[in-house]
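> fold the following for me, if possible:
(chains A, B and C)
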Amino acid sequence: MSSTTSLLSSFVVSDNLIQYSSGLIPISYTELNLKQTLLGGQSFRWNEQSPNEFIGVLKSYIIYLQHENENLHYTFYTNKSRSIDSNENDRQNETSRIIHNYFQLSIKLHDLFQQWCKSDVRFQNGLIPTGIRVLDQDPLENLISFICSSNNNVQRITKMVKQLCIEYGKEIGTINGIVYHQFPTIDELDKSNLETRLRELNFGYRARYIQQAIKYLKYTINDITFFDRLKSLSVKEARTELLKIMGVGRKVADCVLLMSLGKQDVVPVDTHIHSIAVTHYGQSKKLQLNTTNYNAISTFFEQLWQPFAGWAQAAAFSNELRSITTYKSIIQSTSLKRSISSYETHSQCKLVKREKKTFIN
DNA sequence: CCCTTACCTAGGCT
DNA sequence: AAGCCTAGGTAAG
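Numbers count the residues shown, from 1 in each chain, chains lettered A, B, ... in the order given. Coordinates of the predicted model:
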């Protein structure tokens, strides 16, 4: 074990780790709120060290982040056994690119907020916090994590994802007594007893979904470029493909589209967004979330918040999590019914179900 | 198309 | 203290 001192904390780093590269990106707190972005329910892989310090895993790196004085500092650690590029300049370029891509820093929240203010008084009135970014995450990790999210809470999802990484992912190293693992690959998850083991780990009925999803990706899809191909499809086409995966319904599909496939306008509708629609945008309380209502709410927000409606959703969602109905709502006269448009045909839904049904093992 | 129901579990609440 | 409820849903009927 060796000790390193960062700006705020001292680290105890295991001997099998090396500091790979580090850097700094100037960015204001209105462009990046690290806590709300990393712990707001998009990713389940970050540990908070202090209010401005986080440690998590991206690819084969353990990454330490600190946001201080309008600068985002990052330090990458990796396992010594990994073949390391000896060129320091290359390493700096690589790590800088990873951070830029993960936080999608070419997208300026300030500009988006100005757009959203034009059409939504809740943004105008400062009721929605700034600094919340949509992360560009690994599709497989995102998919499996959100399969776990059904009927579940963030704390337990985090625990489950962690268990999955410990059980099946490659170990990277230890920092401050916490062991960090890579997210497992499809091949690493392709075990005959996956479901059994996940049930032992208290995944409940999601264990079967994950087993089925992995088998489907490995043996039916059998294409390592699957997720990349989806990126080049339209939202509707890509969603149809995702819905064929066991355990993936509309909400999980939309999360993957938004957070892993670059579909920035997709608005996943969960119970919170549903509740926001009811509380702040005049949706009827009695409406439950069936396909038609999901479409209505999703389409309504996509039109209200364009462009990058998914980003507005992330901000609005975050607000809902913290406020927990602390203030009375202002019911807008805007009607959701006006924006009803069904873009999922009946035949497509039936096809999806048949495909899922016939997939055995 | 719309509506129900079952599904796992942990933690908070009563 | 044991039972109820809910947490970023989905599949099956």
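
> tell me the contacts of A:Val13?
Shown in contact with A:Val13 (C-beta atoms under 8 Å, 6 or more residues apart in numbering): A:Met1, A:Ser2, A:Ser3, A:Thr4, A:Gln19, A:Tyr77, A:Gly173, A:Thr174, A:Ile175. Bear in mind the C-beta positions are built from the backbone N, C-alpha and C, glycine included.

> one more pass at 10 Å, please.
A:Met1, A:Ser2, A:Ser3, A:Thr4, A:Gln19, A:Ile62, A:Tyr64, A:Tyr77, A:Gly173, A:Thr174, A:Ile175, A:Asn176 (C-beta atoms under 10 Å, 6 or more residues apart in numbering).

> likewise for A:Gly177?
With contact taken as C-beta under 10 Å, 6+ apart, A:Gly177 is in contact with A:Met1, A:Val12, A:Ser14.

> measure the first one to DNA strand B for me?
If I follow you right, that is A:Met1. Applying C-beta to the nearest atom of the strand, to the nearest Å, the value for A:Met1 to DNA strand B is 30 Å.

> ranges for the strands of chain A?
In chain A, the segments counted as strands under DSSP state E are A:2-5, A:10-13, A:17-26, A:47-50, A:53-58, A:61-68, A:71-79, A:171-175, A:178-181.

> and the contacts of A:Gly177 as CSV, adding pLDDT and neighbour count?
Output for these, formatted as CSV (pLDDT from 0 to 100; neighbours: other C-beta atoms under 10 Å):
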residue, pLDDT, neighbour count
A:Met1, 75, 10
A:Val12, 94, 13
A:Ser14, 96, 20
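
> for these, could you give me JSON lines that also reports distance to A:Phe44?
As requested, the contacts of A:Gly177 are arranged in JSON lines below (distance: C-beta to C-beta, whole Å):
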{"residue": "A:Met1", "distance to A:Phe44": "27"}
{"residue": "A:Val12", "distance to A:Phe44": "24"}
{"residue": "A:Ser14", "distance to A:Phe44": "23"}
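
> quick check, nearest of those residues to A:Ile166?
A:Ser14 (15.3 Å; C-beta to C-beta).

> nearest spatial neighbour of the closest one, skipping sequence neighbours?
Nearest non-adjacent residue to A:Ser14, counting by C-beta to C-beta, 6 or more residues apart in numbering: A:Thr174, 3.8 Å away.

> surely that neighbour meets A:Ser2?
No. Between A:Thr174 and A:Ser2 there is no contact under C-beta atoms under 10 Å: 11.3 Å.

> what does the stretch 101-250 of chain A put close to DNA strand C?
A:149-154, A:156, A:205, A:209, A:243, A:245-250 (C-beta under 7 Å from any atom of the strand).

> now A:Ser86: how far from DNA strand C?
39 Å.

> counting neighbours, what do you get for that residue?
Neighbours of A:Ser86 under the rule other C-beta atoms under 10 Å: 7.

> contacting residues for it?
Counted by C-beta under 10 Å, 6+ apart, A:Ser86 has zero contacts.

> tell me the pLDDT of it.
Model confidence at A:Ser86, expressed as pLDDT, equals 79.

> what residues of stretch A:112-132 count as buried?
By neighbour count on 16 or more other C-beta atoms under 10 Å, the buried set for stretch A:112-132 is A:Leu112, A:Phe113, A:Trp116, A:Asp120, A:Arg122, A:Phe123, A:Ile128, A:Thr130, A:Gly131, A:Ile132.

> ok, now stretch A:62-70?
By neighbour count on 16+ other C-beta under 10 Å, the buried set for stretch A:62-70 is A:Ile62, A:Ile63, A:Tyr64, A:Leu65, A:Gln66, A:His67.

> show the backbone phi and psi for whichever residue of the stretch 101-250 of chain A sits closest to DNA strand B.
Residue nearest to DNA strand B within the stretch 101-250 of chain A: A:Gly204 (2.5 Å; C-beta to the nearest atom of the strand). Dihedral angles of A:Gly204 (phi, psi; degrees, to the nearest 10) stand at phi 60, psi -150.

> and it, how many neighbours?
A:Gly204: 16 surrounding residues under other C-beta under 10 Å.

> you'd agree it is up against A:Gly247?
No. At 11.7 Å, A:Gly204 does not count as touching A:Gly247 under the criterion of C-beta under 10 Å.

> any shared contact partners between the two?
A:Cys148, A:Ser150.

> not counting its neighbours along the chain, what's nearest A:Asn176?
Leaving aside its chain neighbours, A:Asn176 sits nearest to A:Val12 (5.4 Å; criterion: C-beta to C-beta, 6+ apart).

> flag the shaky bits of the stretch 251-361 of chain A, pLDDT-wise.
The stretch 251-361 of chain A contains residues with pLDDT under 70 at A:286-287, A:319-361.

> which stretches of it form helices?
Secondary structure of the stretch 251-361 of chain A (DSSP state H, counting those that start in this stretch): helices at A:271-281, A:291-304, A:309-323, A:346-358.

> make CSV from the buried residues of stretch A:112-132 and add pLDDT to it.
CSV is the format used below for the buried residues of stretch A:112-132 (pLDDT from 0 to 100):
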residue, pLDDT
A:Leu112, 98
A:Phe113, 97
A:Trp116, 97
A:Asp120, 96
A:Arg122, 94
A:Phe123, 95
A:Ile128, 93
A:Thr130, 94
A:Gly131, 97
A:Ile132, 97
